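**Q** Here is a sequence together with a model predicted from it:
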Amino acid sequence: LASYRNARFLTDNVPGMRVPDDILSRMEKAEATGRGQAEGIAIARETLTTFKERVHGAYIMPQFGRHKVAMAVLDGFIEKPETSVAE
């Protein structure tokens, strides 16, 4: 979620999508302190953590082309390949 407004839009305008009231409340409070995007990242990470043992993958869709936000969500969930140093 990018912001409280974004979360509200998804709930009100996208058929079949509903952001739970507790998440809307978290986003609204975070937005009031200028931390809406950070809270959206935290919520996404919590969701991945909750379900990672029960799913084989997740589709992370950065809104508005914000690829760095998607990478922040995934930080620590993807194993980084080992790099070797040539001698």
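**A** Happy to help now that I have it. Numbering: from 1, shown residues only.

**Q** where do the strands sit along the protein?
**A** Counting by DSSP state E, the chain has no strands to list.

**Q** now for the longest helix along the chain, which elements pack on it?
**A** Secondary structure of the chain per DSSP state H: the longest helix is helix 36-51. With contacts defined as 3 or more Cβ pairs under 8 Å, 6 or more residues apart in numbering; DSSP states H and E, helix 36-51 has these neighbours: helix 4-13, helix 21-32, helix 67-74. The C-beta positions use only the backbone N, C-alpha and C, and glycine is treated the same way.

**Q** any chance of these in a markdown table, plus mean pLDDT and mean neighbour count?
**A** Formatted as a markdown table, those follow (pLDDT from 0 to 100; neighbours: other Cβ atoms under 10 Å):
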| stretch | mean pLDDT | mean neighbour count |
| --- | --- | --- |
| helix 4-13 | 95 | 16 |
| helix 21-32 | 97 | 16 |
| helix 67-74 | 91 | 14 |
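
**Q** okay, those helices in JSON lines with distance to residue 58 next?
**A** JSON lines is the format used below for the helices and strands packed on helix 36-51 (distance: least, Cβ to Cβ, whole Å):
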{"stretch": "helix 4-13", "distance to residue 58": "17"}
{"stretch": "helix 21-32", "distance to residue 58": "17"}
{"stretch": "helix 67-74", "distance to residue 58": "9"}
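
**Q** Compare these and give me the one nearest residue 44.
**A** helix 67-74 (4.5 Å; Cβ to Cβ).

**Q** Run through who's touching the closest one.
**A** For helix 67-74, contacts defined as Cβ atoms under 8 Å, 6 or more residues apart in numbering pick out 2, 37, 40-41, 44-45, 48, 60-63.

**Q** Could you give the separation of that helix from the chain centroid?
**A** With Cα atoms, centre = their mean, to the nearest Å as the basis, helix 67-74 stands 8 Å off its chain's centre.

**Q** before we move on, what about stretch 49-63?
**A** Per Cα atoms, centre = their mean, the centroid offset for stretch 49-63 relative to its chain is 10 Å.
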